[in-house]
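Predicted coordinates and the sequence they were generated for:
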Amino acid sequence: MNEEELLDLGLGERLRRIREDRGLSSAELASRSGVPEDRIAAIEASRAVPAVGELVKLGGPLRVSVGHFFQRAIPERRIELVRAAARWTVLPQSEAARTLNYRYQSLSYQLTDKLMSPFLVEIPPDPGSEAPASSHDGEEFLFVLLGELEVRVGGETHRLSPGDSIYFDSRLEHALRAVEGTSVRILACIAERPRPDAENPIRRAYA
């Protein structure tokens, strides 16, 4: 999906409706999520396309998963097929993404209340600057498909080669970068705790 297609999905309007359903102001959501208030305003006004990481952070205090921002109706079956051409490719927007100039594609973004959010991540050769660390709720699994990857997590540094994997608590500060002057491609899965229907505003926000 390109940026125009993402804007057509109305993610900003969905974010606003869920936020208002939760009774939160944009300032309160900014304080709880760590996403700047002006950034939230730009997303809600459809002046900016949110990054996957931003939706993860915003979904925490709203108690919804990334899929809720894409959902148009409550699915009857828990099956989601994403063709290669329909992957959600997100341009670098976070500090870490801009520093490393990486891109990532969401491999599942419509199914809600799922335990995993899988992504195909591509990191270009190391630009020579250290990647900013980040942290968020949940757990994370990385599997290296191509290149040499350096993972800093919880004060430890690990080097992974194709076929290697690592699983860690995402609340630990972590950062990724390519090494050896080559590009890196990884499969990344973020696991989140499911939200009970009683705490899920999606059924009211999109009724």
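All right, it came through fine.

dump the residue contacts of the spatially closest residue to residue 110 that is not a sequence neighbour.
Counting by C-beta to C-beta, 6 or more residues apart in numbering, residue 70 is the residue found nearest to residue 110 once chain neighbours are left out, at 4.7 Å. Backbone N, C-alpha and C define where each C-beta goes, glycine included. Contacts for residue 70 (C-beta atoms under 8 Å, 6 or more residues apart in numbering) come out as 9, 11, 14, 109, 110.

Also residue 34?
Going by C-beta under 8 Å, 6+ apart, residue 34 touches residue 57.

now do the one 5 residues further on
The contact partners of residue 39, taken as C-beta under 8 Å, 6+ apart, are 30, 48, 54.

That one and residue 11, how far apart?
Relative to residue 11, residue 39 is positioned 13 Å away (C-beta to C-beta, to the nearest Å).

ranges for the helices of this structure?
Using DSSP state H, the helices of the chain run over 3-8, 11-21, 26-33, 37-44, 52-62, 95-100, 202-205.

Can you list the low-confidence ranges for this protein?
Counting by pLDDT under 70, the chain has low-confidence residues at 1-9, 71-77, 90-101, 112-113, 127-129, 193-207.

what's the burial count for residue 165?
Neighbours of residue 165 under the rule other C-beta atoms under 10 Å: 11.

and the residue nearest to residue 144 when sequence neighbours are not counted, what are its bridge partners?
Leaving aside its chain neighbours, residue 144 sits nearest to residue 160 (4.8 Å; criterion: C-beta to C-beta, 6+ apart). Counting by DSSP bridges, residue 160 is bridged to residue 149.

hang on, isn't residue 160 packed against residue 142?
Yes - here residue 160 lies in contact with residue 142, judged by C-beta atoms under 8 Å, at a distance of 7.3 Å.

what touches both of these two?
With C-beta under 8 Å, 6+ apart, residue 160 and residue 142 have common neighbours 149, 151, 166.

now the first one: how far from residue 15?
What it means is residue 149. Separation of residue 149 from residue 15 (C-beta to C-beta) stands at 32 Å.
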